[in-house]
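K.L.:
This is a predicted model, with the sequence first.
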Amino acid sequence: MASSTLTPAAGAPEQTAVRASEPNPRRRKSPREGGHWKWFALPAVLLVAIFFALPFVLNAGFAFSDWSGYSEEIGFNGIDNFRTLIDQEIFWPAVRTTLLYAVLVLVFQMAVSLPLALALEDTNRLNTVYRSLFFVPVLISPLAAGYIWKGMLAGNGPINGLLSFFLPGTVDTAWLGDPTTALPAVALIEAWKWSGLITLVYIAGLKSIPKELLEAATIDGANAWTRFWKIKLRMLAPALTFNVAVTLAVALMAYDVVAATTAGGPGDTTTVLNVAMRLQWGQSFFGPASALSLTVATLVVITAVPLVMWLRKKEVN
């Protein structure tokens, strides 16, 4: 009797160990373990490959060809398209204008969006209304925004009328027709167009900062400026990286706002790369136009990517 009583008890741990080592047939595999996630990613991969990767590869090839509307044959011509654009003083002025335009848009964007996010940080009914109003320009077509501001910045437009009301004398500055003010004016319109989106990203970053951290700093005697400089600005590093990347990419690829406001003028003051590319394409010089388009893509990669990598390192530090 004693042996029969002890036998099940002695064997119980062995049975438990065996059962624990056996796979549970009822446990469901996650989609990643089963490989099903690949099928969900396939449509996005196909869209990117067909509408972005493939046109980019084809355009890279055409940039080194003599493709034009004046010949039925397309042949390889090396870097002749770039040489032609440089000899005609189109390439380097367009590159300089594009880089300057991107810097101006970035400066205007940061100067407007971050203070606006700090002002609208608290969630209440009034701030919700203001957030919605400031986001409206994002929903407007860039061409429509350009045409609206072209009328507002005209010599007899409402902007000059408003300035004349507050300042003595008559203000009739042609903001988009003066070589000195044309590029900053267009850059300011571009910054206004996307300021709502950038502001919301900053607000989301501010909301992610732990309140306990700010309360502890306040108890230690930190004023509003110290809390912003030492805590909020540093905790906003991921949002800052995203906003810089998006702003630079949009500004370097600018076309719609410039085309609607100045069409590259006066002279070539606002002729960014995409506007120069459109002018070449309109004259049926498809090879040089492809060369300019390739330059835009290259410029985005060699400027935005290193800057984003540097900002990410700053986030870690």
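P.N.:
It's in.
K.L.:
Point out where this protein drops to low pLDDT.
P.N.:
1-35, 169-170, 315-317 (pLDDT under 70).
K.L.:
Show me which positions of the helix ranked longest in it end up buried.
P.N.:
Once the chain is assigned using DSSP state H, the helix that runs over the most residues is helix 286-316. Going by neighbour count (16 or more other CB atoms under 10 Å), the buried part of helix 286-316 is 286-297, 299-300, 303-304, 308, 311. Every residue, glycine included, has its C-beta placed from N, CA and C.
K.L.:
quick one: buried residues of the host helix or strand of residue 251?
P.N.:
Using DSSP states H and E, residue 251 sits within helix 237-252. Of the residues in helix 237-252, 237, 239-248, 250-252 count as buried by neighbour count, 16+ other CB under 10 Å.
K.L.:
Tell me who's in contact with the spatially most central residue of the chain.
P.N.:
Per CA atoms, centre = their mean, the C-alpha nearest to the average position across the chain is that of residue 246, at 1.4 Å. By CB atoms under 8 Å, 6 or more residues apart in numbering, the contact set of residue 246 is 194, 197-198.
K.L.:
count of neighbours near residue 213?
P.N.:
If you count neighbours by other CB atoms under 10 Å, residue 213 ends up with 13.
K.L.:
which of the contacts of residue 246 tops the neighbour count?
P.N.:
Of the contacts of residue 246, with other CB under 10 Å as the count, residue 198 tops at 24 neighbours.
K.L.:
ok, now which ones touch the nearest residue to residue 254 once chain neighbours are set aside?
P.N.:
Distances taken as CB to CB, 6 or more residues apart in numbering place residue 272 nearest to residue 254, at 5.4 Å, with adjacent residues excluded. Applying CB under 8 Å, 6+ apart, we find residue 272 in contact with 94, 97-98, 101, 254-255, 258, 264.
K.L.:
could you pull out the helices for the stretch 1-150 of the chain?
P.N.:
Assigned by DSSP state H, counting those that start in this stretch, the helices in the stretch 1-150 of the chain fall at 2-21, 31-34, 37-48, 54-62, 80-87, 91-119, 125-139, 142-152.
K.L.:
Let me have those helices in TSV, extended by distance to residue 210.
P.N.:
Converted to TSV, the helices of the stretch 1-150 of the chain look like this (distance: least, CB to CB, whole Å):
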stretch	distance to residue 210
helix 2-21	40
helix 31-34	31
helix 37-48	32
helix 54-62	42
helix 80-87	52
helix 91-119	17
helix 125-139	21
helix 142-152	38
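K.L.:
Can I get those in JSON lines including mean neighbour count and distance to residue 189?
P.N.:
Shown next, in JSON lines, are the helices of the stretch 1-150 of the chain (neighbours: other CB atoms under 10 Å; distance: least, CB to CB, whole Å):
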{"stretch": "helix 2-21", "mean neighbour count": "9", "distance to residue 189": "67"}
{"stretch": "helix 31-34", "mean neighbour count": "10", "distance to residue 189": "45"}
{"stretch": "helix 37-48", "mean neighbour count": "10", "distance to residue 189": "30"}
{"stretch": "helix 54-62", "mean neighbour count": "13", "distance to residue 189": "28"}
{"stretch": "helix 80-87", "mean neighbour count": "16", "distance to residue 189": "27"}
{"stretch": "helix 91-119", "mean neighbour count": "19", "distance to residue 189": "9"}
{"stretch": "helix 125-139", "mean neighbour count": "12", "distance to residue 189": "10"}
{"stretch": "helix 142-152", "mean neighbour count": "17", "distance to residue 189": "5"}
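K.L.:
Check which helices and strands the longest helix of the chain is in contact with.
P.N.:
helix 54-62, helix 80-87, helix 91-119, helix 237-252, helix 273-282 (3 or more CB pairs under 8 Å, 6 or more residues apart in numbering; DSSP states H and E).
K.L.:
Now render these as CSV, adding distance to residue 163.
P.N.:
Output for the helices and strands packed on helix 286-316, formatted as CSV (distance: least, CB to CB, whole Å):
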stretch, distance to residue 163
helix 54-62, 44
helix 80-87, 40
helix 91-119, 19
helix 237-252, 27
helix 273-282, 28
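K.L.:
Roughly how far does the nearest residue to residue 311 once chain neighbours are set aside sit from residue 153?
P.N.:
Spatially, and ignoring its direct neighbours in sequence, residue 311 is nearest to residue 241 (4.3 Å; CB to CB, 6+ apart). Distance, residue 241 to residue 153, using CB to CB, to the nearest Å: 33 Å.
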